[in-house]
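Q: Quick one, structure for this:
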Amino acid sequence: VQLQASGGGLVQAGGSLRLSCAASGSIFSITTMRWYRQAPGNQRELVARITSGGDTYSVDSVKGRFTISRDNAKNTVYLQMDSLKPEDTAVYYCNADIKRSRFAAFAGYWGQGTLVTVSS
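A: Just a heads-up that it's a prediction; the model follows:
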């Protein structure tokens, strides 16, 4: 199983970016999918998560600006980031709970990270 994240880049404050993360490989089921971020010198922190049923949660610092969504048919999770601020600068990682077969347990998988840089 692999998670491939994309969509990062350099953007001015107030701009927008859309991150994507596609899961591939031997996948039977995916439950919760998440986006984390890690700024230089900081610990990795949860940004938002979405269940297979579409229930979402996001941290207060991004509420009203970031929107998490997913396409279950494509095993893909998205993070629409609007009104970006310099403090949003970080490497963004996707994470998903995946079952590889009917009788396997769910396990957590990570994408490789995509860098988002917001200039002031």
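Q: Quick check, residue 107 in contact with residue 98.
A: Yes. Applying C-beta atoms under 8 Å as the test, residue 107 and residue 98 come out as touching, 6.3 Å apart. Just so you know, the C-beta spots here come from the backbone N, C-alpha and C atoms, and that holds for glycine as well.
Q: Compare neighbour counts for these two and give me the winner.
A: residue 98 (23 against 11; other C-beta atoms under 10 Å).
Q: now the more buried one, which residues is it bridged with?
A: Beta-bridge partners for residue 98, by DSSP bridges, are residue 30, residue 107.
Q: Next one: it from residue 60, what distance?
A: 28 Å (C-beta to C-beta, to the nearest Å).
Q: ditto for residue 48
A: 11 Å.
Q: Can you verify residue 87 is assigned to a strand?
A: No. Assessed by DSSP: H, G, I helix; E, B strand; the rest coil, residue 87 does not belong to a strand; its assignment is helix.
Q: so is residue 105 in a helix, a strand, or just coil?
A: With three-state DSSP as the criterion, residue 105 reads coil.
Q: How about the contacts made by it?
A: Contacts for residue 105 (C-beta atoms under 8 Å, 6 or more residues apart in numbering) come out as residue 99.
Q: if we go to 10 Å?
A: 97, 99 (C-beta atoms under 10 Å, 6 or more residues apart in numbering).
Q: Residue 23: which element?
A: strand 17-24 (DSSP states H and E).
Q: Which neighbours in the sheet does that strand have, and how are they oriented?
A: In the sheet, strand 17-24 lines up with strand 2-6 (antiparallel), strand 76-81 (antiparallel) (DSSP bridges).
Q: I'd like those strands as a markdown table, with mean pLDDT appended.
A: Formatted as a markdown table, those follow (pLDDT from 0 to 100):
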| stretch | mean pLDDT |
| --- | --- |
| strand 2-6 | 97 |
| strand 76-81 | 98 |
